[in-house]
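**Student:** Structure, please.
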Amino acid sequence: MIRYVEELADKIGPRGSTTRAERNAAKYLTEVLEPVADEVSMQSFRSVPTFSWAYGLYYFLMVVAAALIPVLPVIAALLALGNSLAYLFESHTFEAYTKLLPKDKSQNVIAKKSNPSEEGERLPRIILVAHYDSSRSGLNFHPKLVPGFRQSFIILNACIAAILVLALGAGIAGLFGLRLPAFYGYLALPFALYVLFSVLLLIHREIWGVHVPGGNDNASGVAVMLDSFMHLAQDLPTGAEVWAVATGCEEAGTVGMLRFLEEYGEAIEDDYIINLDNLGIGYVKYITGEGMFYAMPADRDLILAAAACARENPELDIGPYVYKALTTDATPALARGYKVMSIMAFDANGILPNWHWPTDKARYVNPENLATASTLVQSMARQIWHI
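**Tutor:** Presented below is the predicted three-dimensional model:
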């Protein structure tokens, strides 16, 4: 499996969303999958190249709303409310401002292998998902700052909520002709300064950040997906079907997964999705819940299958984990009610090593981690198929 990681992270290199390198990676994955699969297709779509501009706009408009409270309170309230609602939708992978931003070409690679039953009986599909693009670095992803990433996110959203509440209070007072204390209009400014700092971080990321090699995030997940797909494809039970879906533009806001669900969602609503992400370093975990604001529970059947594998193979040291840092390709599926669960790996402190940083190179990926994750995936699939 390590050769897949080296090919993606070293030979092809950084694979930023919508870039030529991302397209080269898609061609490579197609070539790897074609000899094994019954069918390999390329799903083309258009995507924003980064999440920075959309979220930068959300944060900037909250700063504007805070500045308008003393002079135009009703407009400040309407702006803060509308922007906050759009932000909540976007954070749960329902696109809002991203629909308005410039886009470029990207693609998903979809491979399928089936063993049809003569009687027409069909077992649930197993859909293995892993994104193959890599992120741009940013100051908030510096290895020394990553342990506080979640806390920073909570503080940021607390500031946004404070601005919203203060703007709504001023707006309601303005509508009813009520006079508020003179200092009220400036209460939101400290919160606005923190939000403005987040805007500047995103601008810095886009100007001075670099696309990283993505050895762990997520060449490791792709390697596990390819290996698991190949092993399952060699010995499919009658009526079973397995898909490998390599998504583009996950780092731009799970766009590839969104486009996949738009096209195939109705056909796979009764099937099982296993998302593979950041699996090369640390301790392999099955994710029982994930989400940026609250943990959406993973599918019960997949959790039970993973737990059974962990019990039967204690030497693998697999365990449960709740992930609440950023979105993964499982997030849009969870938000829309699909049967999905992620498998990831974390260090002893629950951190993703080399996350979105130039040190995310192939040489730091542990082949034993990949083997553990592939064993887990194959065990889960065969349990779902009851074999």
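
**Student:** where exactly do the strands run in the stretch 201-350 of the chain?
**Tutor:** 240-247, 272-276, 283-290, 296-297, 319-323, 339-346 (DSSP state E, counting those that start in this stretch).

**Student:** Show me how this protein divides into domains.
**Tutor:** According to automatic domain parsing, the chain comprises the domains 2-49+103-137+211-384, 53-97+143-208.

**Student:** thinking again about what came up before, now tabulate the strands of the stretch 201-350 of the chain in TSV and tack on distance to residue 190, mean pLDDT and mean neighbour count.
**Tutor:** Every C-beta, even on glycine, is put in place using the N, C-alpha and C of the backbone. Output for the strands of the stretch 201-350 of the chain, formatted as TSV (distance: least, CB to CB, whole Å; pLDDT from 0 to 100; neighbours: other CB atoms under 10 Å):
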stretch	distance to residue 190	mean pLDDT	mean neighbour count
strand 240-247	40	98	25
strand 272-276	39	98	27
strand 283-290	31	98	22
strand 296-297	32	98	15
strand 319-323	31	97	17
strand 339-346	34	98	26
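
**Student:** Would you format those as JSON lines with distance to residue 303 included?
**Tutor:** JSON lines is the format used below for the strands of the stretch 201-350 of the chain (distance: least, CB to CB, whole Å):
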{"stretch": "strand 240-247", "distance to residue 303": "20"}
{"stretch": "strand 272-276", "distance to residue 303": "11"}
{"stretch": "strand 283-290", "distance to residue 303": "6"}
{"stretch": "strand 296-297", "distance to residue 303": "8"}
{"stretch": "strand 319-323", "distance to residue 303": "8"}
{"stretch": "strand 339-346", "distance to residue 303": "6"}
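
**Student:** Determine which of those approaches residue 187 most closely.
**Tutor:** For residue 187, the closest of the strands of the stretch 201-350 of the chain is strand 296-297, at 33.7 Å, according to CB to CB.

**Student:** That closest one: partners in the sheet, and parallel or antiparallel?
**Tutor:** strand 283-290 (antiparallel) (DSSP bridges).

**Student:** about what we covered before: what's the closest of the strands of the stretch 201-350 of the chain to residue 224?
**Tutor:** Evaluated over the strands of the stretch 201-350 of the chain, closeness to residue 224 peaks at strand 272-276, with 5.0 Å, by CB to CB.

**Student:** Okay, angle between that closest one and strand 240-247 too, please.
**Tutor:** Here the directions of strand 272-276 and strand 240-247 differ by 40 degrees (axes from the mean of the first three to the mean of the last three CA atoms, to 10 degrees).

**Student:** ok and strand 272-276 relative to strand 339-346, angle-wise?
**Tutor:** Using the same axes, to 10 degrees: strand 272-276 against strand 339-346 is 20 degrees.

**Student:** Name the strands paired with strand 272-276 and say parallel or antiparallel.
**Tutor:** Here strand 272-276 has these sheet partners by DSSP bridges: strand 126-131 (parallel), strand 339-346 (parallel).

**Student:** Select the longest helix from the chain.
**Tutor:** When the chain is parsed with DSSP state H, its longest helix is helix 149-175.

**Student:** How about the contacts made by residue 114?
**Tutor:** Neighbour list for residue 114: 38, 236, 240, 241, 242 [criterion: CB atoms under 8 Å, 6 or more residues apart in numbering].

**Student:** Would you list the phi and psi of the first one?
**Tutor:** Note on residue 38: its backbone torsions stand at phi -70, psi -30 [degrees, to the nearest 10].

**Student:** go on, residue 15?
**Tutor:** Torsion angles at residue 15 (phi, psi; degrees, to the nearest 10) stand at phi -120, psi 70.

**Student:** So what's the residue count around it?
**Tutor:** Residue 15: 28 surrounding residues under other CB atoms under 10 Å.

**Student:** do residue 75 as well
**Tutor:** Residues near residue 75, counting by other CB under 10 Å: 16.

**Student:** That one and residue 68 touch, don't they?
**Tutor:** Yes - Residue 75 lies in contact with residue 68 (CB atoms under 8 Å); the separation is 5.7 Å.

**Student:** Residue 138: neighbouring residues, count only.
**Tutor:** Counted by other CB under 10 Å, the residues lying close to residue 138 total 19.

**Student:** which one of the domains of the chain is the most hemmed in?
**Tutor:** domain 2-49+103-137+211-384 (a mean of 21; mean count of other CB atoms under 10 Å).

**Student:** Kindly check the end-to-end length of it for me.
**Tutor:** Taking CA to CA, to the nearest Å, domain 2-49+103-137+211-384 runs 27 Å from one end to the other.

**Student:** Figure out how far it is from the centre of its chain.
**Tutor:** The chain centroid and the centroid of domain 2-49+103-137+211-384 are separated by 10 Å under CA atoms, centre = their mean, to the nearest Å.

**Student:** hey, where'd the strands end up in the stretch 1-150 of the chain?
**Tutor:** Here the stretch 1-150 of the chain has its strands, by DSSP E, counting those that start in this stretch, at 39-47, 104-115, 126-131.

**Student:** Any stretches of the stretch 251-387 of the chain with poor pLDDT?
**Tutor:** By pLDDT under 70, the low-scoring segments of the stretch 251-387 of the chain are 387.

**Student:** can you pull out the helices in it?
**Tutor:** With DSSP state H, counting those that start in this stretch as the criterion, the stretch 251-387 of the chain has helices at 255-264, 300-312, 330-335, 367-384.

**Student:** follow-up on the earlier one: using CSV, please lay out the strands of the stretch 1-150 of the chain together with mean pLDDT.
**Tutor:** Below are the strands of the stretch 1-150 of the chain laid out as CSV (pLDDT from 0 to 100):
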stretch, mean pLDDT
strand 39-47, 98
strand 104-115, 97
strand 126-131, 98
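
**Student:** Distance to residue 274 added to the ones you listed, as a markdown table?
**Tutor:** Compiled in a markdown table, the strands of the stretch 1-150 of the chain are given as follows (distance: least, CB to CB, whole Å):
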| stretch | distance to residue 274 |
| --- | --- |
| strand 39-47 | 19 |
| strand 104-115 | 15 |
| strand 126-131 | 5 |
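
**Student:** picking that back up, can you tell which of the strands of the stretch 201-350 of the chain is closest to residue 149?
**Tutor:** The closest of the strands of the stretch 201-350 of the chain to residue 149 is strand 319-323. By CB to CB, the value is 11.9 Å.
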